[in-house]
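[1] take this sequence and fold it.
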Amino acid sequence: MDNQIKSFTVKKSGRLDEAIADALNISRSKAQLIVDNGIEIKGRNRKASYKVEEGDVLNYTPLEEKPTDIVPNADIVVPVVYEDDDIIVFNKPRGLVVHTAPGHDTDTLVNFLASQNDKFKFDEEEMAGGRPGIVHRIDKDTSGLLMVAKTPKAEKVLQADIKEHKVKREYVALCWGDVNEDSFTVDVPLTKPNHTLRRAMPSPNGLRAVSHFTKIWTRNGVSLVRCQLETGRTHQIRAHLSYIGHPIVGDMLYGNKEEHHFDKGQVLHAFRLSFIHPITKKPMVLTAPMDDYFKQAINTFYIEKK
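    Sure thing, here's the model as predicted:
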């Protein structure tokens, strides 16, 4: 392997990771791997968000070429809502983990994607990152629409569109309590969960997090609400609804830990995805139906108690 330090000159001011992706003609996810590996500008290592200027010289160590250690698993069932040569959109089942993690080495969406390598156009180095093409996140116990790019070009365009809020993600959630307002916005910064503190916590020092809610109905001590994400922080909807006193039904992390009726996780579903196709530029609107778990929860509360 050639691990000598290499360099290039920035041609356009902007974020460091974007400058790397443009200069080396790679995806943002691969550029992030290079940043994590160490990149020097003006004698100091910099983060991906560092603002570079035209003419800056970047010194970096090429990534070690190694094959992916992701175990392919074609037995995982993931319904496809839409697919073409550039993207694929799944209706992710509740309970399916997206990325590999301790205890989930072979049963994740990434393992399924690894079994479909012939459909994707990422090289081995990008595959080694463990998340090629996955442009946004969805929690393990949240069901619904998840989009994956099949080519580096589609991935790069979609990542930029998400950053610029051009991708509209809408969820529906069943939460505890009577929501009074017909529509409202929660604009509260959130910290990022870690291995010590698994919850995203409201904090003035957190990352900007904005969620827009619309009440659909309130009945028998619960409310069904629609949510549109303006930002995409980890656990954002769950943390914001808990913050305003309306935790999601079934959410043991942010809600009632003594609740036993809904033990398959939060009653939260990503039901609509609106975006511009990264290659054809055609407007796309995709929807996915609620699963049986969500329907059961609605029926439990919506049907008038006798």
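[2] pLDDT value on the closest residue to residue 302 other than its chain neighbours, please?
    In this structure, residue 302 finds its nearest non-sequential neighbour in residue 219, 5.5 Å apart by Cβ to Cβ, 6 or more residues apart in numbering. Every residue, glycine included, has its C-beta placed from N, CA and C. Residue 219 is assigned 93 on the pLDDT scale.
[3] distance check, residue 23 against residue 54.
    12 Å (Cβ to Cβ, to the nearest Å).
[4] and what of residue 263?
    Taken as Cβ to Cβ, the span from residue 263 to residue 54 is 55 Å.
[5] and what of residue 165?
    Taking Cβ to Cβ, one finds residue 165 at 26 Å from residue 54.
[6] please apply the same query to residue 29.
    24 Å.
[7] if you count what's nearby, which of these two comes out ahead?
    Comparing residue 29 with residue 54 by neighbour count (other Cβ atoms under 10 Å), the higher total belongs to residue 29, at 23 against 11.
[8] just say helix, strand or coil for that one.
    Here residue 29 is helix, with the state taken from DSSP: H, G, I helix; E, B strand; the rest coil.
[9] okay but it is in contact with residue 132, surely?
    Yes - using Cβ atoms under 8 Å, residue 29 is in contact with residue 132, at 6.7 Å.
[10] show the contacting residues for the closest residue to residue 11 other than its chain neighbours.
    Distances taken as Cβ to Cβ, 6+ apart place residue 54 nearest to residue 11, at 6.4 Å, with adjacent residues excluded. Shown in contact with residue 54 (Cβ atoms under 8 Å, 6 or more residues apart in numbering): 10, 11, 12, 13.
[11] report how many residues lie close to the nearest residue to residue 135 once chain neighbours are set aside.
    Residue nearest to residue 135 in three dimensions, not counting chain neighbours: residue 158, with 4.5 Å by Cβ to Cβ, 6+ apart. Residue 158: 25 surrounding residues under other Cβ under 10 Å.
[12] residue 158 belongs to a helix, doesn't it?
    Yes - the assignment for residue 158 by three-state DSSP puts it in a helix.
[13] state the distance from it to residue 240.
    Taking Cβ to Cβ, one finds residue 158 at 24 Å from residue 240.
[14] what are the contacting residues of stretch 177-194?
    For stretch 177-194, contacts defined as Cβ under 8 Å, 6+ apart pick out 197, 199-215, 218, 221-223, 225, 233-236, 239-241, 243-246.
[15] many thanks, have a good one.
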